[in-house]
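Enquirer: Fold the following for me, if possible:
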Amino acid sequence: PMIGLRGASRYLSPEFRGAFELECEALAHVRNKMGLTNVQLMVPFCRTAEGGKKVIKILKEHGLEKGKDGLKIWVMCELPSNVFAIDEFAEVFDGFSIGSNDLTQLVLGVDRDSGILAKLFDEDNTAVKAAISHAIKGAHRNGKEIGFCGQAPSDKPEFAGFLVDLGIDSISLTPDSVFKALEIVSKAEMKRSIEKELNGAISAKTNEKDMTQDTPKKISA
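Expert: Model prediction:
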């Protein structure tokens, strides 16, 4: 089920524990034996920060220690709990990746596998975009990187512009949408850069004016 035993909860369940340990051993072999230390880990569907801590503990027990040899452990930001308790998750994980498919269905209460409700599934929905904005701001407030993993920028390249305006660090795309999205991202980044320079210039001018006003005037006798 879409909101059943999956992700971190499954990793921690007694029924799946043996399988998860095999996955840990395989990843440890890739990093520690094969030397592919560029491989990083992502914990999906992590309902609570406490659950994340438990998963990280098991990873460490199987040779995947957070911070060792550059190992970073990220978490999918795809549940309302990830968004609204992002400060707690930021204390546990190295970064975030917004999973817009799950986040959309859980914010709107729409099963994305339901053909009857398919027309209601929309990442452009005000509530969904507010959740995405909150997540990006929260991650950056905690000094964490946050990317976007979902279908929206591929289906609607202009959605990529929305993400750039919010300061997203990375965006995943399908191969057929890359060029169109790159064009939009480039324009959005240019606009963002110009606005930043203008704001900086205005701020500098304001400070200069304030300093001039604060300078003591010479009083003639």
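Enquirer: low-confidence ranges in this structure?
Expert: 1, 200-201, 204-221 (pLDDT under 70).
Enquirer: Now residue 148: phi and psi?
Expert: With angles defined as degrees, to the nearest 10, residue 148 sits at phi -130, psi 120.
Enquirer: Give the burial count for it, as a bare number.
Expert: 25 (other Cβ atoms under 10 Å). Bear in mind the C-beta positions are built from the backbone N, C-alpha and C, glycine included.
Enquirer: Equivalent analysis for the one 10 residues further on, please.
Expert: Using other Cβ under 10 Å, residue 158 is surrounded by 13 other residues.
Enquirer: Verify the stated contact: it with residue 184.
Expert: Yes - in this structure, residue 158 is within contact of residue 184 by Cβ atoms under 8 Å, at 5.9 Å.
Enquirer: any chance you could map the helices in the protein?
Expert: 8-12, 17-28, 49-61, 80-84, 86-90, 100-108, 126-141, 152-155, 158-166, 178-214 (DSSP state H).
Enquirer: how about the fifth one: buried residues?
Expert: Spelled out, that is helix 86-90. Across helix 86-90, burial judged by 16 or more other Cβ atoms under 10 Å covers 86, 89, 90.
Enquirer: In contact with residue 135, which residues?
Expert: 77, 82, 83, 86, 96, 98, 146 (Cβ atoms under 8 Å, 6 or more residues apart in numbering).
Enquirer: separation between it and residue 100?
Expert: Distance from residue 135 to residue 100, counting by Cβ to Cβ, to the nearest Å: 10 Å.
Enquirer: quick one: buried residues of stretch 158-178?
Expert: 159, 160, 161, 162, 163, 164, 166, 168, 169, 171, 173, 177.
Enquirer: hang on, the second one packs against residue 186?
Expert: Read that as residue 160. No - in this structure, residue 160 is not within contact of residue 186 by Cβ under 8 Å, at 10.0 Å.
Enquirer: Need the residues touching each of the two.
Expert: Common contact partners of residue 160 and residue 186 (Cβ under 8 Å, 6+ apart): none.
Enquirer: residues contacting residue 139?
Expert: With Cβ under 8 Å, 6+ apart, residue 139 has these contacts: 77, 86, 90, 95, 96, 145, 146.
Enquirer: Fine by me, we can end here.
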